[in-house]
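> Model the structure of this input:
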Amino acid sequence: MAQLPPGIYLITSFTRDQWYRAFIFVLTFMLYVSFHLSRKPISIVKGELHKHCAIPQDTELINYKKYANRQPMEEPCNKSSSGWEPFDKSNYKELLGALDYSFLCAYAVGMYLSGIIGERLPIRYYLTGGMFASGLFTAMFGLGYFYNIHNLWFYIAAQ
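Numbering: from 1, shown residues only. Coordinates of the predicted model:
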């Protein structure tokens, strides 16, 4: 009988229990990676929700400085590229503040409730549910872009 190739021999040398443990380890690691990647979505998204556009006089000065430095000129900002509706209006600071406020309130209430729930549930169910919920709400926030959602309450609920 021919000898097995080294890769196949390596795969068959592990028991079912060892494969299960390795799978759980990789799955937990990937969930923690995705959990930590989703911890600051608001601070990353704020720059796109309201782009800081200069007024026309400043735009001309900026373009002149870029020309003087021989840098390629960018198109001046216009109303259509000044942000994501409803954050493109003059009250954008209040709207972004409402997003921050809703995030911090949800965080405070969630920390209180997670302490109560965490004491009563087994840790593996608690962590699994928390990670999936975090991923779900982070994905909801990102879906606002793909489905062209321009409603402030959607973003507040996604917090």
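> could you give the mean pLDDT of the top helix by length along the chain?
Counting residues, the longest helix found in the chain (DSSP state H) is helix 92-120. For helix 92-120, the mean pLDDT works out to 85.
> list the buried ones in that helix?
For helix 92-120, a neighbour-count test (16 or more other C-beta atoms under 10 Å) marks 92, 95-96, 98-99, 102-103 as buried. All C-beta spots, glycine's among them, are computed from the backbone N, C-alpha and C.
> cool, stretch 119-129 as well?
residue 127.
> contacts for that stretch?
With contact meaning C-beta atoms under 8 Å, 6 or more residues apart in numbering, stretch 119-129 is reached by 31, 114, 117-118.
> Need the three-state assignment for residue 86.
Following DSSP: H, G, I helix; E, B strand; the rest coil, the label given to residue 86 is coil.
> then stretch 5-23 to CSV, C-alphas only?
Output in CSV follows, covering the C-alpha atoms of stretch 5-23 (Å, rounded to 0.1, in the frame of the first residue of the first chain):
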residue,chain,number,x,y,z
PRO,A,5,1.0,12.3,1.2
PRO,A,6,2.2,14.5,4.1
GLY,A,7,-0.7,16.9,4.0
ILE,A,8,-3.3,14.2,4.1
TYR,A,9,-1.4,12.4,6.8
LEU,A,10,-1.4,15.6,8.9
ILE,A,11,-5.1,16.1,8.4
THR,A,12,-6.0,12.5,9.4
SER,A,13,-3.7,12.5,12.4
PHE,A,14,-6.0,14.8,14.4
THR,A,15,-8.9,13.5,16.3
ARG,A,16,-12.5,14.8,15.9
ASP,A,17,-12.2,16.5,19.3
GLN,A,18,-9.0,18.3,18.2
TRP,A,19,-10.7,19.5,15.0
TYR,A,20,-13.6,20.7,17.0
ARG,A,21,-11.4,22.7,19.4
ALA,A,22,-9.4,24.2,16.6
PHE,A,23,-12.6,25.2,14.8
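> Which positions in that stretch come out as buried?
Result for stretch 5-23 [16+ other C-beta under 10 Å]: no buried residues.
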